[in-house]
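Novice: Please work out how this folds:
(one chain, ligands or ions: 1)
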Amino acid sequence: MPLNLWLSLVALCAMGAMSPGPSLAMVLRHTLGGGRSAGVAAGISHALGVGLYAALTAWGLGALIVHYPGMFQAIMILGAAYLAWLGVKALRAGRGGALEAQAVTTSRSMAIRDGFMVALANPKLILFFVALLSQLITPEMSEMGKWLVVVTAMGIDGAWYVLVAMALSHSRVLPWLQARAVWINRLTGIVLLALALRVVWGV
Ligand SMILES: NC(=[NH2+])NCCC[C@H](N)C(=O)O
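Specialist: Coordinates of the predicted model:
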């Protein structure tokens, strides 16, 4: 892969990873509820999901979806349903009240599961791969080139969310955020539900 193509790939992936959305909300929620190790675990398992999509895109998901648009819609709707469910869960976690710490506690295994599932269900990610990343992949691309796409997308997403989890779980930041966990959970719930509605609206 020529260097300039790879650099566009890096820029595209960095923009995708950094733009706020359900994945950021998920890493934030697990950092708040489970601390640094849960946040980092969520970031890493999320990156594995990103890598899976990148691989599917590199080896032909885009072409498949062009042939079967109904499949794309079905995936988007399933993703939206999952986000809506997470949204409801976040809203209900917020109802526990600031003093009931358990109400927002999450474990590392929950973080790993949610990280992966949110990556798969996030409509922003599906669009990113089908509409944007697929443009950079040509049929003539070598196997090495395709692997490079997968590793780049996974590495950038993983590095970004691990960084986010580390920053948010800093000993000065975390207590401040935890004191506002109820509001952050409510906001997260509303954002997830709104995004799910928008996806269903647009399909
Ligand atoms: N390479 C990507 N597009 N990654 C997607 C990350 C998703 C997005 N940043 C979000 O929080 O929802």
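
Novice: Only C-alpha atoms from now on, for both contacts and neighbour counts.
Specialist: Noted.

Novice: so what's the residue nearest the centre of the chain up against?
Specialist: Centroid check for the chain by Cα atoms, centre = their mean gives Ser23 as the closest residue, at 3.1 Å. For Ser23, the contact set (Cα atoms under 8 Å, 6 or more residues apart in numbering) comprises His46, Gly115, Val118, Ala119, Asn122.

Novice: Quick one: mean pLDDT over the host helix or strand of it.
Specialist: Ser23 belongs to helix 22-58 when assigned by DSSP states H and E. Averaging pLDDT along helix 22-58 gives 93.

Novice: for the protein, what spans make up the helices?
Specialist: 3-18, 22-58, 61-67, 69-94, 108-121, 123-127, 134-136, 143-168, 173-179, 181-202 (DSSP state H).

Novice: can you pull the buried residues of the fifth one?
Specialist: By neighbour count on 16 or more other Cα atoms under 10 Å, the buried set for helix 108-121 is Arg108, Ala111, Ile112, Asp114, Gly115, Phe116, Met117, Val118, Ala119, Leu120, Ala121.

Novice: how about that helix as PDB, C-alpha atoms only?
Specialist: Output of helix 108-121 as PDB, limited to C-alpha atoms (Å, rounded to 0.1, in the frame of the first residue of the first chain):
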ATOM      1  CA  ARG A 108     -14.500  -6.100  33.900                       C
ATOM      2  CA  SER A 109     -16.300  -9.000  32.100                       C
ATOM      3  CA  MET A 110     -19.300  -6.800  31.500                       C
ATOM      4  CA  ALA A 111     -17.000  -4.200  30.100                       C
ATOM      5  CA  ILE A 112     -15.400  -6.700  27.700                       C
ATOM      6  CA  ARG A 113     -18.800  -7.900  26.500                       C
ATOM      7  CA  ASP A 114     -20.200  -4.400  26.100                       C
ATOM      8  CA  GLY A 115     -17.100  -3.200  24.300                       C
ATOM      9  CA  PHE A 116     -17.400  -5.900  21.700                       C
ATOM     10  CA  MET A 117     -21.100  -5.700  21.300                       C
ATOM     11  CA  VAL A 118     -21.200  -1.900  21.000                       C
ATOM     12  CA  ALA A 119     -18.600  -2.000  18.300                       C
ATOM     13  CA  LEU A 120     -20.700  -4.500  16.400                       C
ATOM     14  CA  ALA A 121     -24.000  -2.700  16.900                       C
END
